[in-house]
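J.: pasted the sequence and its predicted model underneath.
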Amino acid sequence: KAMLLLKKKRYQEQLLDKTENQISNLERMVQDIEFTQIEMKVIEGLKIGNECLNKMHQVMSIEEVERIIGETEDAVEYQRQIDEILAGSLTEEDEDAILEELNAITQEQVELPEVPSEPLPEKIPEASPVKNRPKPELVAAS
């Protein structure tokens, strides 16, 4: 009877090992399927992106881009010529009027606020240093 129980125990252990292996295989298969689904989504996204790029290339040819750039350069050159004409069109009377206006502005008395007489407080160390980002420079169109 003990021998029969040991055989039964051994059989159940083997059955348990096989079941664990099957469960492990099933889990691996599920992971592979999930990974394959993700790969399919990535491929579908790449396909859609490629189609969009092809449509954009059909709409904008290299010749079209070069034409737009040329037109832009022409417009900039035309504006520069206009600026030069306007800058050179001031007569001497206009220049004199401008100088008189500038002198009038600089001669005006500007009332400044009073300066405090108390001493400045001691410098308090900051808890966290604030980074000052440089402000972008504005560039005039030419």
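T.: That came through, no problem.

J.: count the neighbours of residue 74 for me.
T.: Counted with other Cβ atoms under 10 Å, the neighbours of residue 74 add up to 10. (C-beta placed from N, C-alpha, C; glycine too.)

J.: brain fart, residue 67
T.: A count of nearby residues for residue 67, using other Cβ under 10 Å, gives 11.

J.: please renumber the chain so that the first residue is 591 from this point on.
T.: Yes, from this point I'll number from 591; that puts the last item at residue 657.

J.: tell me which element it falls in.
T.: For residue 657, the element it lies in under DSSP states H and E is helix 652-678.

J.: where does the chain have low pLDDT?
T.: 679-680, 700, 714-732 (pLDDT under 70).

J.: please compute how far stretch 643-656 lies from its chain's middle.
T.: For stretch 643-656, the separation from the chain centroid amounts to 24 Å (computed by Cα atoms, centre = their mean, to the nearest Å).

J.: mind checking the end-to-end distance for that stretch?
T.: For stretch 643-656, the first-to-last residue distance is 19 Å (Cα to Cα, to the nearest Å).

J.: same question, stretch 691-703
T.: End to end - Cα to Cα - stretch 691-703 spans 25 Å.

J.: contacts for it next, please.
T.: For stretch 691-703, there are no surrounding residues in contact (Cβ atoms under 8 Å, 6 or more residues apart in numbering).
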